[in-house]
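Participant: Would you be able to build a 3D model of this:
(2 chains)
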There are 2 protein chains.
Amino acid sequence: MTEAPHLTFDLDTPGVSRGHLVVPGGGDRGELSLPVFSLNKGEGPRLLVTGGNHGNELEGPLVARRLIEWLPDAQTCGRVIILPVLNPLAVEAWSRNTPLDGLNLNRVFPGRADGSVTERIADAVSRVLLPTADTVFDLHSFGPTWEFPPAVITHPIADADLMAKTLQMAEAFKLPVTLLWEHDDTTGMFDTWAHSQGKIFVCAELGCGTVSAEALAVYEAGVRNALIALGLVEGKVENVSFRQKRSSQTLETHVSDGLKSPAAGIFEPRCSVLDEVKHGDLIGVLHPMDSLSAESIDIRAREPSIVLAIRSGAHVDRNEGVAFVARPLKI
Amino acid sequence: MTEAPHLTFDLDTPGVSRGHLVVPGGGDRGELSLPVFSLNKGEGPRLLVTGGNHGNELEGPLVARRLIEWLPDAQTCGRVIILPVLNPLAVEAWSRNTPLDGLNLNRVFPGRADGSVTERIADAVSRVLLPTADTVFDLHSFGPTWEFPPAVITHPIADADLMAKTLQMAEAFKLPVTLLWEHDDTTGMFDTWAHSQGKIFVCAELGCGTVSAEALAVYEAGVRNALIALGLVEGKVENVSFRQKRSSQTLETHVSDGLKSPAAGIFEPRCSVLDEVKHGDLIGVLHPMDSLSAESIDIRAREPSIVLAIRSGAHVDRNEGVAFVARPLKI
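Facilitator: Numbering: from 1, shown residues only, chains lettered A, B, ... in the order given. Coordinates of the predicted model:
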């Protein structure tokens, strides 16, 4: 019988608490202690903020730490729990998945108490932290080799009421893009599990390979806007601009909106995120690298749309995604 | 007895040739064919251009392909050989080192004919291509998790005459930075081997995580400037600007100019490359992630200098490099 996952402190303690979420050991390694911050100001919204779900997306942990610095002076009610790094093993390896078991934490929710370490982390979060919150912000980035605008994302939710509330929460970040993303691989996502438990869950994303001061400022302002909207802190909502483009667009993207590479090679982007493209506009060029006699292949837009994500600086296989486009959300 | 490495075409053929450098198979895998382009316009400089030495630095292969497109209309004399991807196994894996043997191609020169695949690639390049050239441009990038300005680099060379010629060649790129880099790990570099053979060898670097259109344009303009300086093509040298900063600085950095992390954690940059810093200026902040009670640690400049490289978006171990600074070269 393994020890159950637990917190090293009592969430009901008023004010600031700092401690750990203990993830029990298993056959593959000993127990893990994930640092947790909690600020309890009594009645009000109950928010859980997580970062470091994927180990090569580190804007989230940095923004979570900033939040921990200013929240004690700003929060007026409710309870905020912050777990800056969900998967320290992946973060230490700068790896999307956990090196020890090869698993993607964001595909194994709600986890398993007797599973491998990634499944045990998901189990601890699902059983110990998720039930304490009404709302969850999971702070991601888009990871290396992609460019992506600052955005808040949700996937379609069958429950229309929860869908509407979730979109409203996402738009409250006032980030350049709010995105309803029809994704073909949502089983085991933290999102999917939290939605199934009736929670409002949004996922923030952004990225361009490196962590810049500008990106962190944008991300932090978005989270602050959302805290104001929830009524947890007082203040004035700030519209966040990004590269002088029109901000606060609500977009949708479907599985069919992914552009795939027609061959193996190096993809060269020829447009930027948030560019508006017409049918036939050049999105990028695929350069086969196995022969210098092979022509480079143009990849063009199939219909009027907005470039949402573009692959950058990586070798791609045939049929691997190189871009996603989107269009204004019609509900 | 293994087959010797060889080209599938005759370099003395006038005009454009396209073919492969055949790297013989060994115990770990079969033979590799690396695409090679050659343009022979008779007497004149003999230049070798290589890219894809490290598999997660893909600006070089893209610039090499652009060069292959416009060189036939531009080159007036001499011979240019272009090998866009030195290490296709690493490029396909978007990995610095070769996954098959774990080796860094840029640390195994001059290679070994009976070694593992990375050593066999180095051997083929050293024996078949390097002897055909007087000058080598090896097109790198700084790789993910670092920000670095567009630069041409050489390491110190004992032969004063070759050192002077190499620095002159580097400055001819007119990139924002020409750098003399005292490096503590140069054994087995392509640079070191080429210098030992009396060749002028420079290494171009740049990077910020993603491959942007701006970065490619800067890189391509630098290579074109160098071809003009060599007399291989005609045209007007272009000064390449970068973020409105003063361009064409010649800098030096020493082993002691590396700033190391005082602890394990996530490094947050607080300055940008090419920023001028004074003693005590904030370079970045190290956020320990194993406890939320641990204070973040400021990392400050030790003396007046110019920020050359800054780590970004990665977890670092204690004593791992987070920044390099430099200062104007004094010869």
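Participant: List the contacts of the most centrally placed residue in chain A.
Facilitator: Ranked by distance to the mean C-alpha position of chain A (Cα atoms, centre = their mean), the top residue is A:His140 at 3.0 Å. Residues in contact with A:His140, defined by Cβ atoms under 8 Å, 6 or more residues apart in numbering or on different chains, are A:Asn53, A:His54, A:Glu57, A:Gly60, A:Cys203, A:Ala204, A:Glu205. (C-beta placed from N, C-alpha, C; glycine too.)
Participant: Inside strands: which ones of those?
Facilitator: Judged by DSSP state E, the contacts of A:His140 include A:Cys203, A:Ala204, A:Glu205 as members of strands.
Participant: got CSV for the residues you listed, with neighbour count, distance to B:Thr250 and pLDDT too?
Facilitator: CSV is the format used below for these (neighbours: other Cβ atoms under 10 Å in any protein chain shown; distance: Cβ to Cβ, whole Å; pLDDT from 0 to 100):
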residue, neighbour count, distance to B:Thr250, pLDDT
A:Cys203, 25, 46, 95
A:Ala204, 25, 42, 92
A:Glu205, 26, 41, 87
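Participant: got those as JSON lines, with distance to A:Ile81 columns?
Facilitator: What follows is the ones in strands among the contacts of A:His140, written out as JSON lines (distance: Cβ to Cβ, whole Å):
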{"residue": "A:Cys203", "distance to A:Ile81": "17"}
{"residue": "A:Ala204", "distance to A:Ile81": "17"}
{"residue": "A:Glu205", "distance to A:Ile81": "21"}
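Participant: Chain B: which of these is nearest?
Facilitator: Chain B has its nearest neighbour among the ones in strands among the contacts of A:His140 in A:Glu205, at 14.3 Å by Cβ to the nearest Cβ.
Participant: tell me the contacts of the closest one?
Facilitator: A:His140, A:Ser141, A:Phe142, A:Phe148, A:Pro150, A:Ala151, A:Val152, A:Ile153.
Participant: what do you get if the cut-off is 7 Å, keeping everything else the same?
Facilitator: For A:Glu205, the contact set (Cβ atoms under 7 Å, 6 or more residues apart in numbering or on different chains) comprises A:His140, A:Ser141, A:Phe142, A:Phe148, A:Ala151, A:Ile153.
Participant: you'd agree the third one is up against A:Pro149?
Facilitator: No - applying Cβ atoms under 7 Å as the test, A:Phe142 and A:Pro149 come out as separate, 9.1 Å apart.
Participant: Find residues that contact each of those two.
Facilitator: Common contacts of A:Phe142 and A:Pro149, defined by Cβ under 7 Å, 6+ apart, comprise A:Leu206.
Participant: more neighbours, the two?
Facilitator: Just comparing A:Phe142 and A:Pro149: by other Cβ atoms under 10 Å in any protein chain shown the higher neighbour count belongs to A:Pro149, 27 against 21.
Participant: list the buried ones in stretch A:291-309?
Facilitator: Of all the residues in stretch A:291-309, those buried under the rule 16 or more other Cβ atoms under 10 Å in any protein chain shown are A:Leu292, A:Ser296, A:Ile299, A:Ala301, A:Ser305, A:Ile306, A:Val307, A:Leu308, A:Ala309.
Participant: Among these, which pair sits farthest apart?
Facilitator: Maximum pairwise distance in the buried residues of stretch A:291-309, criterion Cβ to Cβ, is 34.8 Å, between A:Leu292 and A:Ile306.
Participant: Which parts of the stretch 1-150 of chain A are strands?
Facilitator: Counting by DSSP state E, counting those that start in this stretch, one finds strands in the stretch 1-150 of chain A at the ranges A:6-7, A:15-23, A:32-41, A:46-51, A:78-83, A:135-139, A:146-154.
Participant: Let's have those in JSON lines, adding mean pLDDT and distance to chain B.
Facilitator: As requested, the strands of the stretch 1-150 of chain A are arranged in JSON lines below (pLDDT from 0 to 100; distance: least, Cβ to the nearest Cβ, whole Å):
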{"stretch": "strand A:6-7", "mean pLDDT": "98", "distance to chain B": "13"}
{"stretch": "strand A:15-23", "mean pLDDT": "97", "distance to chain B": "5"}
{"stretch": "strand A:32-41", "mean pLDDT": "98", "distance to chain B": "4"}
{"stretch": "strand A:46-51", "mean pLDDT": "98", "distance to chain B": "10"}
{"stretch": "strand A:78-83", "mean pLDDT": "98", "distance to chain B": "8"}
{"stretch": "strand A:135-139", "mean pLDDT": "98", "distance to chain B": "13"}
{"stretch": "strand A:146-154", "mean pLDDT": "92", "distance to chain B": "5"}
